[in-house]
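>>> need a structure here:
(one chain, ligands or ions: 1)
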Amino acid sequence: MVNAAANVYVVLRAEGVSAVLDVADGRLPALAYWGPDLGPQSLSEVAALVVGGYTQAENNQISADIRVALLPEHWTGWVGRPGVSGSRAGTAWSPRFTSVAVRLDGEDAASSAGIPTLVEGGIAVVEVDAVDESAGLSLTLTVELTAGGLLRSQAQLTNTGGEDYQLDDLVLAYPVPAVAREVLDLAGRWGKERTPQRQPLNVGQHVREGRKGRTGPDAATVLHLGTPGFGFAEGEIWAVHTAWSGNHTHYAERVFTGHQVVGGGELLLPGEVRLAAGESYTSPWLYGSYGHGLDEVARRFHRYLRSRPHHPGTDRPVTLNVWEAVYFDHDLDRLLDLAQRAADLGVERYVLDDGWFGARRNDLAGLGDWTVSPEAWPDGLHPLVDRVRELEMQFGLWFEPEMVNPDSDVARAHPEWIMATGDRLPVESRHQQVINLGIPECYAYIRDAILAILDEYAIGYLKWDHNRDLIDAGTAPTGRPGVHEQTQAFYRLVDELKAAHPGLEIESCSSGGARVDLEVLQRTDRVWVSDCIDPLERVGMHRWTTQLIPPELMGAHIASGRSHTTGRVHDLSFRAATAVFGHLGIEWDLARATAEELAELGGWIAFYREHRTLLLGGDLVRLDVDDDAVVAHGVLAPDRSQAIFSFASVGRSEVASLGRLRFPGLDPARRYRVTPLRVGEEPSGLTVPAWWDLDGPRAGVVLNGAALAAAGLTAAGTHPDHAVLYRLDAVS
Ligand code: DGJ
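From the prediction side, this is the model:
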């Protein structure tokens, strides 16, 4: 490592995106540019690009360029949110870092005094070391541009001074040009997770804080700042995602100087991170996705996730989860009967939900006592597990490892393991409290209990639940905030279990949909999108959940006709047509289904199994139609040889026909046969457009991709709450 000031520009380019990192004159790295690809750049061009963005001082303003680094520094004159807030008992609170080393893919890339050098990185990982000797702090910033053009960065701050340094806040920020003035992020609540909200960005901050100790059903998930009116295919968008499953923040900021940023980081509770001499804090990854339209933004996330070596394939097994079928009624005969019915339909994975352990006959007691209940299961889980395996299904089991009912053996034995701020318990939620994985003995107890179950039974899948927010989540005996440690311990626990049981898959559930972020997904294999399985709600939730994650990571079930969360009644065709665009499951008491329903359900399962490579592995396009009337999307094979589209009628429009619906994203020059896809019952109220029968009964038509995208074809009419699917096959 050279200890002189670093002096380089790094140009990263991938998949239509350029990011120019300015580390000249030893200043902290700043994104001098992040947006559409600029093509190859010479040193003089990059230098001009950097200077071309310098701020111009007006009367009463800072006379130097106000430079917004990835970790914005107050000393430069930046009066927006600083990258680091903290102090050593009131000193060292405004650090001024000097970058002293730059590495590109691990190789030294720093140059010293004189003219900055240019490093062409392409797809690369850049690390920058920086120090502030008088503040007693050092910093490593890591910036990566992935092959799919997704940007991500992370900071590690180390206390190199003698006294403790209390870190109050650490955020990273990406600059966004002034043309972007509209914010779109997600909100939500239990049973209605990830609903979009939009507003203009005015001077000040748009801040989305998560203080729930988990990602949360209301998490911003992806915060976009774009040109006004941007949609799925239109508008320029700069978006960020904070990959963290504990308290966290996303924000967009517009400063009076005209600077704009989007950023995020972990939200630290008072005194939560106090670094002793030599100790470090590592921030979550802040992901950045630039795109023309929301689909391109989403596709960068999808491509990144799909490129990971451990990413689940598209052969996601059809799952039966027994929760809405039996709830806490663990009757072996009933569960065996369900297993038989599931296997007969082609189900490939069977998941036993809450209620198998301790005194957990309802949600009042037993949580935390992770041994099989002899009362409910006199022969252990063996009779069920064995039968499920005989039926050639994988067995999955529910856990909620971070939680405890006060009425449990473990809470009685170790009241000090309950997270609390002092001598009072946090307000209850679902009759439960949080068990403190930050306490080594408690962590070991939970880990060993889960391992004992995994060792005894052939379990391929865990459904990992987390049903309450962390309120007053302090750690005994002092009551100091423990959310940061709890989040890290949760990650460690999952990692340990997976290391001990290679191939074990884990679902991130959390009340359904309250732990959906890219850090939990580094170690889990799908999310349970929501406890609400009502397809009318789900079409919206799937639409926006896929803004971050691809369909194969999204648990989507077919439930009973009457939704348990909304009371609405829906035909099986709509329930199934919604669920097949995710990782398909069944959550329905099949003993109550009619023979006709079972036959139709079997048809949908067969359809999913036959088409899952495309359904779960294709590129997603979402259409801007009229979301109050039609929610439309499609999946296209990466080679554009085929596609499946869905047009779901979700409301009644003020006009009788929505006219032609477009099929975007195909190869414009190739010709495709478009046919209506019928699996089970025809959607009710179907009015058939003329083109369906043009080339023979329901044989559809052939048009090229350009015509399908630009002109489209007349929509079929249906009653609301029904979907029409189409298949498109390239013809030679
Ligand atoms: C919440 C989950 O989302 C449900 O699917 C179910 O597992 C219950 N918890 C069990 O308590």
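>>> count the neighbours of Ala147 for me.
12 (other CB atoms under 10 Å). All C-beta spots, glycine's among them, are computed from the backbone N, C-alpha and C.
>>> residue contacts, it?
14-15, 123, 303, 307 (CB atoms under 8 Å, 6 or more residues apart in numbering).
>>> and the gap between it and Gly293?
To Gly293, Ala147 is 20 Å away according to CB to CB, to the nearest Å.
>>> can you map out the strands along the stretch 551-700 of the chain?
Ranges of strands within the stretch 551-700 of the chain are 554-559, 583-587, 619-622, 630-636, 642-649, 660-661, 671-677, based on DSSP state E, counting those that start in this stretch.
>>> and the stretch 51-200 of the chain, by the same measure?
Secondary structure of the stretch 51-200 of the chain, counting by DSSP E, counting those that start in this stretch: strands at 84-87, 98-104, 107-108, 117-122, 124-132, 137-145, 151-159, 165-175, 182-189, 192-200.
>>> do you know which of these lies nearest Pro406?
With CB to CB as the criterion, Pro406 lies closest to strand 182-189 of the strands of the stretch 51-200 of the chain, at 25.5 Å.
>>> circling back to that earlier point, wait, which of the strands of the stretch 551-700 of the chain is closest to the ligand?
Evaluated with CB to the nearest ligand atom, those place strand 583-587 nearest to the ligand, the distance being 7.8 Å.
>>> so what secondary structure elements neighbour that closest one?
Helices and strands touching strand 583-587, by 3 or more CB pairs under 8 Å, 6 or more residues apart in numbering; DSSP states H and E, are strand 319-321, helix 323-326, strand 554-559, helix 595-617.
>>> end to end, how far does stretch 678-689 reach?
End-to-end distance of stretch 678-689 (CA to CA, to the nearest Å): 15 Å.
>>> what sits up against it?
Contact with stretch 678-689 is made by 571-574, 576-577, 600-601, 603-604, 607, 698, 713-719, 722-725, as judged by CB under 8 Å, 6+ apart.
>>> pull out the buried residues from that stretch.
By 16 or more other CB atoms under 10 Å, the buried positions in stretch 678-689 come out as 678-683, 689.
>>> among those residues, which two are most distant?
Greatest spatial distance in those: Gly680 and Pro689, 20.7 Å, computed using CB to CB.
>>> report the mean confidence score over stretch 118-133.
Here stretch 118-133 scores 94 as its mean pLDDT.
>>> in CSV, list the C-alpha atoms belonging to that stretch.
What follows is stretch 118-133 as a C-alpha-only set of coordinates in CSV (Å, rounded to 0.1, in the frame of the first residue of the first chain):
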residue,chain,number,x,y,z
LEU,A,118,-7.0,6.5,-16.0
VAL,A,119,-7.9,2.9,-15.2
GLU,A,120,-10.4,1.2,-17.4
GLY,A,121,-12.2,-1.3,-15.2
GLY,A,122,-15.1,-2.6,-17.3
ILE,A,123,-16.7,-5.0,-14.9
ALA,A,124,-14.7,-4.9,-11.8
VAL,A,125,-14.4,-4.5,-8.0
VAL,A,126,-12.7,-1.3,-6.9
GLU,A,127,-11.4,-0.9,-3.3
VAL,A,128,-10.2,2.4,-2.0
ASP,A,129,-8.4,2.8,1.4
ALA,A,130,-8.6,6.2,3.0
VAL,A,131,-7.4,7.6,6.3
ASP,A,132,-8.0,10.6,8.5
GLU,A,133,-5.1,10.4,11.0
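>>> which residues in this protein form helices?
According to DSSP state H, the chain carries its helices in the segments 43-51, 294-306, 323-326, 332-345, 382-390, 409-413, 440-456, 483-500, 510-513, 535-545, 572-579, 595-617, 705-710.
>>> what sits up against the third one?
By CB under 8 Å, 6+ apart, the list of residues contacting helix 323-326 from outside reads 334-335, 338, 353-354, 398, 533, 559-560, 564, 587-590.
>>> one more time with 6 Å, if that's ok
Identification of contacts with helix 323-326 by CB atoms under 6 Å, 6 or more residues apart in numbering yields 353, 559, 564, 587, 589.
>>> swap in the first one?
Under the contact criterion CB under 6 Å, 6+ apart, helix 43-51 has outside partners 9, 22, 32-33, 118.
>>> what about the ligand: which of these touch it?
Filtering those for neighbours of the ligand using CB under 6 Å from any ligand atom leaves an empty set.
>>> by pLDDT, give me the weakest of these.
On pLDDT alone, Leu118 ranks lowest of the contacts of helix 43-51, at 88.
>>> that one against Tyr9, yeah?
Yes - judged on CB atoms under 6 Å, Leu118 makes contact with Tyr9 at a distance of 5.2 Å.
>>> quick one, which of the two is more surrounded?
The residue with more neighbours, out of Leu118 and Tyr9, is Tyr9; 23 against 18, by other CB under 10 Å.
>>> circling back: scan the contacts of helix 323-326 and report the most crowded one.
Within those, most neighbours by other CB under 10 Å means Ala559, with 25 neighbours.
>>> excluding its backbone neighbours, what's nearest the residue of the stretch 501-650 of the chain found nearest the ligand?
The ligand sits closest to Gly512 of the stretch 501-650 of the chain, with a gap of 3.6 Å, by CB to the nearest ligand atom. Take Gly512 and drop its neighbours on the chain: the residue closest to it by CB to CB, 6 or more residues apart in numbering is Asp531, 3.4 Å away.
>>> by mean pLDDT, which helix or strand of the protein comes out lowest?
One helix or strand of the chain scores below all others by mean pLDDT, DSSP states H and E: strand 117-122, with a mean of 87.
>>> buried sites along that one?
Buried, per 16+ other CB under 10 Å, within strand 117-122: 117-119, 121.
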